[in-house]
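> Sequence unavailable; structure follows:
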């Protein structure tokens with residue numbers, strides 16, 4: 001077994017991501033959505049009227065990546081972009097009514113996955129795991145900023 005903790009973690013994250021994708025994306029396509037779209041809808045559900053840059057920064061993405069996702073969501077009628085009245089160089093992103101309805105469907109999917117995947121965890125095990133992963137994220141961010 002690999003003893004380097006970084007390699008072990010990276011391999012584990014990659015395997016979990018692959019397994020999760022195999023489970024999640026077929027269900028997502030049944031909702032008419034594609035990779036990257038649910039997280040943008042979720043973010044807008046909490047930050048409606050934000051800038052594209054805010055979405056990119058939150059998910060550590062490049063603005064161009066977010067732009068493509070927003071374009072598709074806009075074509076699907078799930079979001080709309082409006083000029084920022086305070087700065088004509090910025091556009092703000094809003095969920096449409098159809099986008100809010102689609103977000104509700106996504107949340108139901110997440111709730112079902114939550115029950116299926118984490119039902120075997122006992123007590124505070126899952127919270128402890130999430131807390132440790134959040135600490136790791138903070139540690140990596142700190143090192144990246146140095």
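Alright, I've got the coordinates. This structure is a prediction, so every number in the text was calculated from the model and none was measured. Numbering: from 1, shown residues only.
> Contacts only, for the residue most central in space within the chain.
In the chain, the centroid-proximal residue (Cα atoms, centre = their mean) is residue 39; its distance is 3.1 Å. Neighbouring residues of residue 39 by Cβ atoms under 8 Å, 6 or more residues apart in numbering: residue 59. (C-beta placed from N, C-alpha, C; glycine too.)
> From residue 136, how far out is it?
19 Å (Cβ to Cβ, to the nearest Å).
> Next one: the residue nearest to the centre of the chain, what pLDDT does it get?
Looking at residue 39, its pLDDT is 96.
> ok, now the one 5 residues further on?
Turning to residue 44, the model gives it a pLDDT of 98.
> Over to it. Which of the three states is it?
The local conformation at residue 44, judged by DSSP: H, G, I helix; E, B strand; the rest coil, is helix.
> Skip the chain neighbours and tell me the closest residue to it.
residue 95 (4.9 Å; Cβ to Cβ, 6 or more residues apart in numbering).
> Number of residues surrounding that neighbour?
Using other Cβ atoms under 10 Å as the criterion, residue 95 is surrounded by 21 other residues.
> same check, this time on the one 10 residues further on
The burial metric for residue 105, expressed as a neighbour count using other Cβ under 10 Å, is 16.
> which strands and helices sit next to the helix or strand hosting it?
Using DSSP states H and E, residue 105 sits in helix 97-118. Packing contacts for helix 97-118, counted by 3 or more Cβ pairs under 8 Å, 6 or more residues apart in numbering; DSSP states H and E, involve helix 5-30, helix 37-46.
> Quick one: work out the angle between the shortest one and helix 5-30.
It stands for helix 37-46. 80 degrees (axes from the mean of the first three to the mean of the last three Cα atoms, to 10 degrees).
> which of the residues in helix 37-46 are buried?
37, 38, 40, 41, 43, 44 (16 or more other Cβ atoms under 10 Å).
> Let me have those in a markdown table, extended by distance to residue 103.
Below are these laid out as a markdown table (distance: Cβ to Cβ, whole Å):
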| residue | distance to residue 103 |
| --- | --- |
| 37 | 10 |
| 38 | 8 |
| 40 | 10 |
| 41 | 5 |
| 43 | 10 |
| 44 | 8 |
